[in-house]
Each structure stands twice: as structure tokens, then as C-alpha cells.
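K.L.:
here is a sequence with its predicted model. Questions after.
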Amino acid sequence: MFALPADGSEGYSPPVTPEGASFAQLEEDFLRIVRETVFCTVTTVGEDGRPRNRMLHPVFVIRDGRPLGWALTGRTPLKTRHLAANPHVACSYWNPSHDTLFVDCVASWVEDDQEKAAVWDVFRETPQPLGWGAEGLAGYGPDEWRNPIFTPLRLEPWRVQLMRGEEYPLGNLTGTVWYGR
């Protein structure tokens, strides 16, 4: 826990995050944490207002200076109902160095064949452990994305909050926030 210096001085003052910080300020650390952590906790909220957590394995890319991700997940009845009631999800990453990343997204099932094929390629071309890599897809054909159990979930972030572990002892509990508006 951060304590004020015994000499009565003001101590550390965390930097104020400017509203509208550019994603470029976060991009390097964002990608590092996602790649190092691999799995994240994703929270949905049902029509009854109750949250539900689950572990997912999204892959994020940067497109036009903004993050965009996909998770390959089962299209379960509960998850489908939750996303129909409220398409907003919260993704939370934590690694042992206490770097944390919170990614608030609008989620939607990928229905378009062209996008499904592109997502298959992203997971195939991203090396393990973040993606599957060619070695993880050995034995699968190039059209496997047509399999009905292949159900990618598109994650379009609208807010990203990054907190670096080394800043915690200094009292910066806000980190840096990007709003994609």
C-alpha cells in the first residue's frame, strides 16, 4: 500500500490521464500483455442484470490504429442470451508482474463467411501460445472455418485501461485510459 513520506511532503502524485489519450500510447504494452497473458477473464451481463465470468483466448490485432479482437468460443445458450440482452463485455488480463489490462468491448458473433475465413487465418498465422499457429492446426484443412462449431466472437474495444505493475507502489491506480468512442 502506498503511504505518504514520513517527512510530511506531498509524496508521489500520479499522472492525470488525459481524456482522449491516443491508442498509440498504449499499443506496445497492450500487445505485450495480451501476448504474455494469452487468456483473459471475460464478463457478460444477462437480461437479469447478473454478471457471468468465463475464460477466453482472444487474439487482438491493430487495425487503422485501433484494437480489434476475436475469441473462438462455444456459442452456448447462456452466452448467446447474455450477448442478445447486452452486447457489452469486459475483458480482464493480469500477469505476474502485476500488469493489468482492461478491455471494454462490444461483442458480436461473426456470421460473414469472409470474416470467418479471415479469423481462421489470424489464429493459424499467430504463433502459439497466443494463436494456434500452423503446428496447432496440423490436420485441419484450409476450409475448416466452415465447420459449424467454428464460432468466432468479434470484440470491438471502446475503452482500454492499462495499468503497469511497476507504477502501483507509486500510487498510480488509474493507469492510462483510451476511449475509442
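P.N.:
Noted; the coordinates are in hand. Numbers count the residues shown, from 1 in each chain.

K.L.:
the longest strand seen in the chain pairs with which strands?
P.N.:
Criterion DSSP state E: the longest strand present in the chain is strand 152-163. Sheet pairing of strand 152-163 (DSSP bridges) gives strand 66-72 (antiparallel), strand 100-109 (antiparallel), strand 176-179 (antiparallel).

K.L.:
got TSV for those, with distance to Gln128, mean pLDDT and mean neighbour count too?
P.N.:
The way it works is simple: take the backbone N, C-alpha and C, and place the C-beta from them, glycine included. Below are these laid out as TSV (distance: least, CB to CB, whole Å; pLDDT from 0 to 100; neighbours: other CB atoms under 10 Å):
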stretch	distance to Gln128	mean pLDDT	mean neighbour count
strand 66-72	14	95	20
strand 100-109	20	97	20
strand 176-179	28	90	19
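
K.L.:
so which of the ones you listed gets nearest Arg159?
P.N.:
Nearest of the strands paired with strand 152-163 to Arg159, taken as CB to CB: strand 100-109 at 4.1 Å.

K.L.:
just the buried positions in the helix or strand just after that closest one, please.
P.N.:
The element immediately downstream of strand 100-109 (helix or strand, assigned by DSSP states H and E) is helix 113-125. Of the residues in helix 113-125, Lys116, Ala117, Val119, Trp120, Val122, Phe123, Arg124 count as buried by neighbour count, 16 or more other CB atoms under 10 Å.

K.L.:
pLDDT value on the residue nearest to the fourth one when sequence neighbours are not counted, please?
P.N.:
I take that to be Trp120. With sequence-adjacent residues excluded and distances taken as CB to CB, 6 or more residues apart in numbering, Trp120 is closest to Trp145, at 3.7 Å. Here the pLDDT value assigned to Trp145 is 83.
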